[in-house]
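Colleague: Here's my sequence, what's the structure:
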Amino acid sequence: MAVRPLLRRAARLLAALLALAVTVLAVGPAQADFGTDYHDPFSVTKPLTRPDTRSCTVETMHDQPFSNGYGNPPDTPYTATVTPPAGCRGPWSAVLLDLHGQVAGRQFDRLFTVRIGGVEVLLSSTPEPSADGIEWHVESDLTRYAPLFDRLQPFAFDLPNVTDSTYTGVFRITATLTFFTTSARWPAAPAADRLLTTGPFGLTGAAPSAAVPLTFPPNLERLTAEVYTRGGGACEEFAYASAPDDFVRANPGLGLCGKGPFRELALTVDGRVAGAVWPYPVIYTGGWDPLLWRPTPGIGAFELPAYRLDLTPYVGLLLDGRPHAVGVAVNAAESQSNDLWTGQVNLFAETDHGRARTEGGLTEYRVAPAAAVSTALTDQGGGSGHWTVTAARHDRATGWVQTSHGRVSTEVRDDLTFSSEQQLGASGNELTLHNRTDLTRSSETRGGGCLPQLRSSHESDPLDVDYRFSRDAAGNTDQLTTMALGRHQEDTLSLGPLPLRRTTVDHTLRPSAHRHDGDATVRTASAVEDYRSTGPDGRYHRTSTTRDGWPVP
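Modeller: Numbers count the residues shown, from 1 in each chain. Have a look, this model is predicted:
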């Protein structure tokens with residue numbers, strides 16, 4: 001849950017923002033920044049494809065209020081039962097989740113999760129409201145969770161909110177699931193045979209790892225992990241902008257967050273690192289300056305990424321019928337109050353339908369226990385400094401499984417690089433940040449009487465921040481924040497020398513905000529969002545410009 005004062009997270013990043021947070025809270029509710037209203041939150045991202053087949057919609061939650069997640073009793077999580085629709089029995093071409101929310105008044109952004117059958121299927125956050133009220137919509141593709149829907153399942157929607165005389169916003173949310181039948185054009189979507197989950201985990205600086213024993217099917221053939229995670233607390237939510245520990249120790253008066261800007265969550269199997277997640281720097285609708293995200297939320301804010309890792313090389317180690325520890329560990333985390341990494345790991349198991357038991361082994365293992373990290377730091381004195389932090393991981397693992405259709409070998413490669421360059425100046429009142437993450441993951445399968453199959457995914461995640469704060473002798477304050485966020489992805493699938501599928505996404509968002517208090521009051525912001533994609537269903541492109549909370553025609 002995001003419980004912190006307005007501009008609270010950046011406040012722990014820079015001492016100047018701490019002072020600004022007090023000022024903003026003193027002058028009244030944040031919604032007054034653009035008057036009493038702003039446009040309903042929206043994004044130009046491509047809408048989900050909805051098959052034109054017969055469908056059935058099941059409402060799991062109707063206009064449910066969330067106002068007090070810490071009461072006695074709390075009003076979260078909301079629980080119900082998902083009943084598969086008799087009129088649209090599986091297999092399905094698609095299963096989609098739709099959420100419709102509304103809120104008015106004053107409220108922080110809040111994190112929430114959706115679980116079905118104990119499996120986390122969505123991690124999201126809420127927008128911050130206006131006085132008049134806003135509505136928003138989230139749609140999420142749950143088709144990969146189809147194995148859950150062959151029977152009754154518990155449904156849990158967990159949104160811890162707090163309301164009082166100051167923070168009055170009550171979130172009211174409706175949730176539906178739509179099941180789409182199949183046709184010649186819309187065949188049944190590929191699905192795993194079984195889903196396993198670790199359940200929720202929490203990692204802190206004092207307890208940086210957690211593990212859960214799981215037992216796998218004896219005829220397991222392929223295994224994919226999906227990791228939901230997010231950093232929370234005054235520092236870990238902004239880990240991407242943290243300073244090296246040496247600079248923090250040398251400048252204790254600035255109140256900076258330490259541990260540097262690089263975070264890695266390692267996924268382990270029986271204590272052996274089997275893959276790594278480098279979290280995307282999701283910024284919520286209260287981050288840095290709420291004006292930045294009205295009405296366009298930050299990339300991933302309404303649907304946090306689910307990070308996928310191919311664990312098939314390790315299948316041969318999991319076929320003995322005994323429990324195996326699946327764990328997660330974080331490389332670094334602040335030990336301050338409320339700073340932690342939370343999440344859940346889901347495992348998609350594909351089994352051999354022609355054999356009761358498979359066997360296999362791990363033939364090559366070149367996976368680093370941790371990414372190689374280096375830091376170059378120059379302390380320029382007076383609360384100013386420059387640092388560059390880089391990280392890299394180049395891993396390879398190969399394993400085989402003897403199946404009913406022959407011996408199948410899978411090689412997984414990960415080539416990941418990260419760089420962060422930051423300049424902090426004016427006693428912590430100015431920050432320039434340039435971060436970039438490049439991730440290339442590939443999985444090649446050979447044998448089983450088929451041509452080699454190669455899946456490759458490349459992702460580039462740039463983040464640029466320019467922040468300036470000043471206070472003159474008369475007490476007038478001025479703050480300017482400019483950002484550029486991006487997520488660029490390319491996924492390919494090849495069968496032997498034949499390319500079968502290629503999809504691309506290029507998503508950029510450039511918001512800026514200006515605040516001035518004292519001799520004049522200025523509240524202004526603008527943003528340009530651009531989304532382009534290509535794939536089997538064609539090209540998509542949409543762009544938008546907003547100013548002071550409203551789209552520009």
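Colleague: If you rank every helix and strand of this protein by mean pLDDT, what lands last?
Modeller: Ranking every helix and strand in the chain by mean pLDDT, DSSP states H and E puts helix 15-27 at the bottom, with a mean of 33.
Colleague: Test my guess that residue 36 contacts residue 134.
Modeller: No - under the criterion of CB atoms under 8 Å, residue 36 is not in contact with residue 134, lying 11.3 Å apart. No exception for glycine: its C-beta is placed from N, CA and C like everyone else's.
Colleague: The two - which one has more neighbours?
Modeller: residue 134 (22 against 12; other CB atoms under 10 Å).
Colleague: In contact with that one, which residues?
Modeller: By CB atoms under 8 Å, 6 or more residues apart in numbering, the residues touching residue 134 are 37-41, 102-104, 127, 295.
Colleague: Which of the residues you listed fall in helices?
Modeller: Among the contacts of residue 134, the subset assigned to helices under DSSP state H is empty.
Colleague: JSON lines please, covering those residues and showing distance to residue 152.
Modeller: Output for these, formatted as JSON lines (distance: CB to CB, whole Å):
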{"residue": "37", "distance to residue 152": "42"}
{"residue": "38", "distance to residue 152": "41"}
{"residue": "39", "distance to residue 152": "40"}
{"residue": "40", "distance to residue 152": "35"}
{"residue": "41", "distance to residue 152": "34"}
{"residue": "102", "distance to residue 152": "29"}
{"residue": "103", "distance to residue 152": "31"}
{"residue": "104", "distance to residue 152": "35"}
{"residue": "127", "distance to residue 152": "33"}
{"residue": "295", "distance to residue 152": "38"}
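Colleague: Out of those, list just those in strands.
Modeller: Using DSSP state E, the members of these that fall in strands are 102-103.
Colleague: Could you pick out the longest strand of this protein?
Modeller: The chain, longest strand under DSSP E: strand 450-471.
Colleague: Tell me the secondary structure at residue 149.
Modeller: helix (DSSP: H, G, I helix; E, B strand; the rest coil).
Colleague: Is it correct that it is in contact with residue 82?
Modeller: Yes - contact criterion CB under 8 Å: residue 149 and residue 82 qualify, at 7.0 Å.
Colleague: Comparing those two, which shows the higher neighbour count?
Modeller: Set residue 149 next to residue 82 and count neighbours by other CB under 10 Å: residue 149 wins out with 24 against 17.
Colleague: Just give me the neighbour total for the closest residue in space to that one that isn't next to it in sequence.
Modeller: Leaving aside its sequence neighbours, residue 149 sits nearest to residue 84 (CB to CB, 6 or more residues apart in numbering; 5.0 Å). Residues near residue 84, counting by other CB under 10 Å, number 19.
Colleague: And for residue 193?
Modeller: 16.
Colleague: State the distance from it to residue 403.
Modeller: 13 Å (CB to CB, to the nearest Å).
Colleague: Quick one: mean pLDDT for stretch 331-341?
Modeller: Averaged across stretch 331-341, pLDDT comes to 91.
Colleague: If I follow the layout properly, residue 390 ends up in contact with residue 373?
Modeller: Yes - counting by CB under 8 Å, residue 390 touches residue 373, with 7.2 Å between them.
Colleague: Could you pull out the buried residues of stretch 397-412?
Modeller: Within stretch 397-412, the residues that count as buried by 16 or more other CB atoms under 10 Å are 397-403, 408-412.
Colleague: do the same with stretch 493-508
Modeller: 494, 505-508.
Colleague: Please state the backbone phi and psi of the closest residue to residue 36 other than its chain neighbours?
Modeller: Residue nearest to residue 36 in three dimensions, not counting chain neighbours: residue 131, with 4.2 Å by CB to CB, 6+ apart. Dihedral angles of residue 131 (phi, psi; degrees, to the nearest 10) stand at phi -60, psi -40.
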